[in-house]
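>>> Pasted the sequence and its predicted model underneath.
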Amino acid sequence: MERIDLAADWRRVSPRYAWAELWTSAIWGAIIAAAVGVFLWLVSDWPRWVPIAIGAGVLVFFVLTGLFGFLRVRTIGFLMRDDDLLVRRGMLFRRFVSVPYGRMQVVDVTQGPVERMLDLKTLKFVTAAATSAVTIPGLPGSDAEVLRDELVAVAESRRAGL
């Protein structure tokens, strides 16, 4: 079995993706904190500062989760090898996924509203296996388009047996 070359020249995602994670987490945190705070305010007979404190705690939790994005983004990378694309991610639980070029069926580029503000895109590959959707988030817009076209060309040549 060939060992994964960890010292290879991994391509990394944009550091701006950490800001996208922070903003997304903060937005969701504000929505959930407001919902929890308003719900507790209306249905509980606690002193009024308790629902506010709980809502603030929920918001702080989500913001801290978003701040960890700055560490998580450093672990996301991909490596184009001769026969496959290797994708890695994870701080505590490292994950390496190898996607053979000949097995790629769909290479999709998506962009959410926060990513759009930061000119970032997410590349998603789907293979024949239903559970094998792999994503590379945080790619600069032009890089995502170029990588998609390159992967589609390589995948087509592998399927054709060239």
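Thanks, I have the structure now.

>>> what's the helix or strand for the residue most central in space within the chain?
For the chain, the residue nearest the mean C-alpha position is Pro137 (4.2 Å; Cα atoms, centre = their mean). Assigning secondary structure by DSSP states H and E places Pro137 in strand 134-140.

>>> Return the residues in contact with Ser98.
84-86 (Cβ atoms under 8 Å, 6 or more residues apart in numbering). C-beta: built from backbone N, CA, C; applies to glycine.

>>> try Arg158
By Cβ under 8 Å, 6+ apart, the neighbours of Arg158 are 100-102.

>>> Return the distance of whatever helix or strand it lives in from the chain's centre.
Arg158 belongs to helix 141-159 when elements are defined using DSSP H and E. Between the centre of helix 141-159 and the centre of its chain there are 19 Å (Cα atoms, centre = their mean, to the nearest Å).

>>> do stretch 114-129 as well
Going by Cα atoms, centre = their mean, where stretch 114-129 is centred and where its chain is centred differ by 8 Å.

>>> So Ala129 versus Arg88, what's the distance?
19 Å (Cβ to Cβ, to the nearest Å).

>>> Which residue of the two possesses the greater neighbour count?
Legend: neighbour count by other Cβ atoms under 10 Å for Ala129 and Arg88, higher for Arg88 (17 against 9).

>>> before we move on, what SS does that one have?
What DSSP: H, G, I helix; E, B strand; the rest coil gives for Arg88 is strand.

>>> For it, name its beta-bridge partners.
Beta-bridge partners for Arg88, by DSSP bridges, are Gly77, Phe96.

>>> Now find how far off-centre the top helix by length along the chain is within its chain.
Assignment by DSSP state H gives helix 16-43 as the longest helix of the chain. Its chain's C-alpha centre and that of helix 16-43 lie 19 Å apart, by Cα atoms, centre = their mean.

>>> Grab the nearest non-local neighbour of the residue nearest to the centre of the chain.
Leaving out its chain neighbours, the residue that sits closest to Pro137 by Cβ to Cβ, 6 or more residues apart in numbering is Thr122, at 4.4 Å.

>>> which one in the protein is furthest away from the centre?
Outermost in the chain, Cα atoms, centre = their mean: Asp45 at 40.9 Å.

>>> if we can go back for a sec, can you lay out the contacts of Ser98 as CSV showing distance to Glu21, pLDDT and neighbour count?
Below are the contacts of Ser98 laid out as CSV (distance: Cβ to Cβ, whole Å; pLDDT from 0 to 100; neighbours: other Cβ atoms under 10 Å):
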residue, distance to Glu21, pLDDT, neighbour count
Asp84, 27, 89, 18
Leu85, 23, 89, 23
Leu86, 23, 91, 17
